[in-house]
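A.B. asks: Here is my input; please provide its structure:
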Amino acid sequence: MLWDEVVSDTIKKHTKPIKIQRKIIYVSVDNSVWANELNYLKEDIIKKINDKSGEKVITDIKFKVGDIEE
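C.D. replies: Model prediction:
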């Protein structure tokens, strides 16, 4: 998934992409502070993913506080 290629190592430590459905990425976040912060960054992350893929594959990201362990 392009998530790991477009977000920083710090963001990777606090998130885990769960699935892509209807051009929406669902991401589990380890706490509400990070979920809130990522909402401010989501447009930039969407742009990076779409630019990297060469087409508009993502239109939104939904963050939910939950388990990020494998």
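
A.B. asks: what's across from the nearest residue to Lys42 once chain neighbours are set aside in the sheet?
C.D. replies: Once flanking residues are discounted, Lys42 sits nearest to Ile61: 4.8 Å by CB to CB, 6 or more residues apart in numbering. All C-beta spots, glycine's among them, are computed from the backbone N, C-alpha and C. Listed by DSSP bridges, the beta-bridge partners for Ile61 are Ile25.

A.B. asks: Count the residues that sit near Ile61.
C.D. replies: Per other CB atoms under 10 Å, the neighbour tally for Ile61 reads 21.

A.B. asks: The residue nearest the centre of the chain sits in which helix or strand?
C.D. replies: For the chain, the residue sitting closest to the mean C-alpha position, by CA atoms, centre = their mean, is Val27 at 5.4 Å. Secondary structure from DSSP states H and E places Val27 in strand 24-29.

A.B. asks: which residues are contacting that strand?
C.D. replies: 3, 14-20, 35, 38, 49, 58-68 (CB atoms under 8 Å, 6 or more residues apart in numbering).

A.B. asks: Can you give the distance from that strand to the centre of its chain?
C.D. replies: The chain centroid and the centroid of strand 24-29 are separated by 5 Å under CA atoms, centre = their mean, to the nearest Å.

A.B. asks: and after it, which helix or strand comes next?
C.D. replies: Following strand 24-29 in sequence order, the next helix or strand is helix 32-53 (DSSP H and E).
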